[in-house]
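1. Okay, here's the prediction I keep looking at, along with the sequence it came from:
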Amino acid sequence: MSLPWIEALVAGNEEVVACERRFHRHCILIAELAANGQVTAEDEVLLASSIARLTLLRAHRDSLLADVTADA
């Protein structure tokens, strides 16, 4: 494994963790709004967008891991 690959993996993991934290906070907010019947369509779209971004970040990180596994 090269240093650039390791750095890319670290950066990808940091992005995934940061996105997971934002997603978690957003889920808590949506749950609180839902408890009061105040969830808007915009809230739902933002949550779906967060899910999509997290999925893409994870896929990118996983592709880095797959590259090194294929080379091994």
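-> That came through fine.

2. what packs against the strand or helix carrying I6?
-> For I6, the element it lies in under DSSP states H and E is helix 3-35. For helix 3-35, the elements it packs on are helix 41-71, judged by 3 or more C-beta pairs under 8 Å, 6 or more residues apart in numbering; DSSP states H and E. Placement of C-beta: from N, CA and C, glycine included.

3. how near is the residue nearest the centre of the chain to S2?
-> Centroid-nearest residue in the chain: L54, 2.3 Å away (criterion: C-alpha atoms, centre = their mean). Shown here: L54 relative to S2, a distance of 27 Å by C-beta to C-beta, to the nearest Å.

4. Could you do R58 as well?
-> Distance, R58 to S2, by C-beta to C-beta: 22 Å.

5. on that earlier part again, name all residues that make contact with the residue nearest to the centre of the chain.
-> Taking C-beta atoms under 8 Å, 6 or more residues apart in numbering, we find L54 in contact with V16, C19, E20, F23.

6. what's the answer for L33, then?
-> With contact set as C-beta under 8 Å, 6+ apart, L33 has these partners: V39, T40, D43.

7. ok, now I51?
-> By C-beta under 8 Å, 6+ apart, the residues touching I51 are F23.

8. pLDDT at it, what is it?
-> Turning to I51, the model gives it a pLDDT of 94.

9. same thing with the one 10 residues further on?
-> The per-residue pLDDT reported for R61 equals 90.

10. Do I have it right that it meets V16?
-> Yes: contact criterion C-beta atoms under 8 Å: R61 and V16 qualify, at 5.7 Å.

11. List the buried residues in stretch 40-60.
-> L47, S50, L54, L57, R58 (16 or more other C-beta atoms under 10 Å).

12. Nearest to E7 among the residues you listed?
-> Closest approach to E7 among those (C-beta to C-beta): L57, at 16.2 Å.
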